[in-house]
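Peer 1: Build me a structure from this.
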Amino acid sequence: MTAKIRKIVVTVEETHIEMGRAIAPATRKAVATAVIENPFSGSYTEDLSALMEIGAELGGLLGEKCVAALGIEPAQAESYGKSAMVGEAGELEHAAAILHPKLGAPLRKAVEKGAALVPSSKKMGSPGQVLDVPLGHKDAAYVRSHFDGIEVMLNDAPRAHEIMVAVAVTDSGRPLPRVGGLEAAEARGEDGLR
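Peer 2: Numbers count the residues shown, from 1 in each chain. Model prediction:
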């Protein structure tokens with residue numbers, strides 16, 4: 001592992017009741033967050049390839065942790081997302097280097113397939129700040145029932161010279177979806193859209 005990981009936190013959110021209605025089975029979201037040292041904090045660096053490699057490592061590691069936390073087979077994962085928050089000595093491009101060039105392929109392997117783009121967000125922050133992880137259906141972006149998100153907050157991260165990287169995976173869409181669009185059961189997952 002190239003990344004210097006200070007901690008990993010994994011949580012699972014289950015929704016059993018929404019607007020007084022039972023949700024059965026419960027909708028479930030897992031998010032795995034790694035807090036890593038930012039090797040480029042404090043100064044400008046042209047070549048960010050080391051962060052790209054860290055992204056590849058974390059995509060698989062965190063994706064697998066989410067699938068395990070949900071207790072599902074990779075093919076049963078329905079949606080995913082990724083996000084990163086750099087500490088104040090970093091820059092947004094550090095988060096982009098982790099998230100975009102190489103994190104997606106190992107995450108897709110962890111959830112089996114993943115034809116759709118992985119929704120993402122990035123921000124600069126400080127310890128205790130909320131990081132939003134957007135979610136979308138892993139194989140068909142037009143499945144509106146899976147447009148969602150989950151928040152991550154760690155009271156001690158990211159410190160100034162750290163990056164907080166989060167990957168989220170679900171086994172379902174939102175509770176009580178009713179805004180139309182392509183149904184998950186109808187998705188073919190061939191073009192990433194339908």
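Peer 1: and the next element down the chain from the strand ranked longest in the chain?
Peer 2: Here the longest strand in the chain is taken by residue count, with DSSP state E as the criterion, and it is strand 21-37. Toward the C-terminus, strand 21-37 is succeeded by helix 49-70 as the next helix or strand (DSSP states H and E).
Peer 1: list the helices and strands the helix or strand following that next one packs on?
Peer 2: Going down the chain from helix 49-70, the next helix or strand is strand 79-86, by DSSP H and E. With contacts defined as 3 or more Cβ pairs under 8 Å, 6 or more residues apart in numbering; DSSP states H and E, the packing partners of strand 79-86 are helix 92-99, helix 104-110, strand 120-124, strand 131-137, strand 148-152, strand 162-170. The C-beta positions use only the backbone N, C-alpha and C, and glycine is treated the same way.
Peer 1: Throw those into JSON lines and include distance to M85 and mean pLDDT, thanks.
Peer 2: Conversion of these to JSON lines gives the following (distance: least, Cβ to Cβ, whole Å; pLDDT from 0 to 100):
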{"stretch": "helix 92-99", "distance to M85": "7", "mean pLDDT": "98"}
{"stretch": "helix 104-110", "distance to M85": "18", "mean pLDDT": "97"}
{"stretch": "strand 120-124", "distance to M85": "5", "mean pLDDT": "98"}
{"stretch": "strand 131-137", "distance to M85": "5", "mean pLDDT": "98"}
{"stretch": "strand 148-152", "distance to M85": "9", "mean pLDDT": "97"}
{"stretch": "strand 162-170", "distance to M85": "5", "mean pLDDT": "98"}
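Peer 1: out of those, deepest packed?
Peer 2: strand 162-170 (a mean of 29; mean count of other Cβ atoms under 10 Å).
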